[in-house]
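A.B. asks: Return a 3D structure for these sequence lines:
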Amino acid sequence: MLTRTITRRRMIAIAATAAGSAFLTSGRTARAGEAVRWHGSALGAQVSIEIHHPDRAEADRLVDQ
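C.D. replies: Numbering: from 1, shown residues only. Below is the predicted model of the structure:
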């Protein structure tokens, strides 16, 4: 089993990334509309995709892709 300790430098990088990501969004949050769902199979397993997007047409387009 691989055990890895977190160094002080690594912890500072993680904290800076977390703090920086909050500033990048500028407090804005996207409001998602109703979820668009797709169910099917991939690689022999049952899968589903759920997309939350404010524009229903764009969500449908993404599911079709």
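A.B. asks: what ranges do the strands span in the protein?
C.D. replies: Listed in chain order, the strands of the chain (DSSP state E) span 36-42, 45-51.
A.B. asks: Give me the buried positions along the last one.
C.D. replies: Right, strand 45-51. For strand 45-51, the neighbour count (16 or more other Cβ atoms under 10 Å) marks residue 51 as buried. In short, each C-beta sits where N, CA and C put it, glycine included.
A.B. asks: can you pull the contacts of the closest residue to residue 49 other than its chain neighbours?
C.D. replies: Of all residues not flanking residue 49 in the chain, residue 38 sits nearest, at 4.6 Å (Cβ to Cβ, 6 or more residues apart in numbering). Residue 38 sits next to 48-49, 63 when contact means Cβ atoms under 8 Å, 6 or more residues apart in numbering.
A.B. asks: got those as JSON lines, with pLDDT and distance to residue 18 columns?
C.D. replies: Below are these laid out as JSON lines (pLDDT from 0 to 100; distance: Cβ to Cβ, whole Å):
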{"residue": "48", "pLDDT": "85", "distance to residue 18": "30"}
{"residue": "49", "pLDDT": "80", "distance to residue 18": "28"}
{"residue": "63", "pLDDT": "80", "distance to residue 18": "31"}
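A.B. asks: Out of the residues you listed, which comes closest to residue 21?
C.D. replies: Nearest to residue 21 among the contacts of residue 38, counting by Cβ to Cβ, is residue 49 at 24.7 Å.
A.B. asks: and that closest one, how far is that from residue 8?
C.D. replies: In this view, residue 49 and residue 8 are 40 Å apart by Cβ to Cβ, to the nearest Å.
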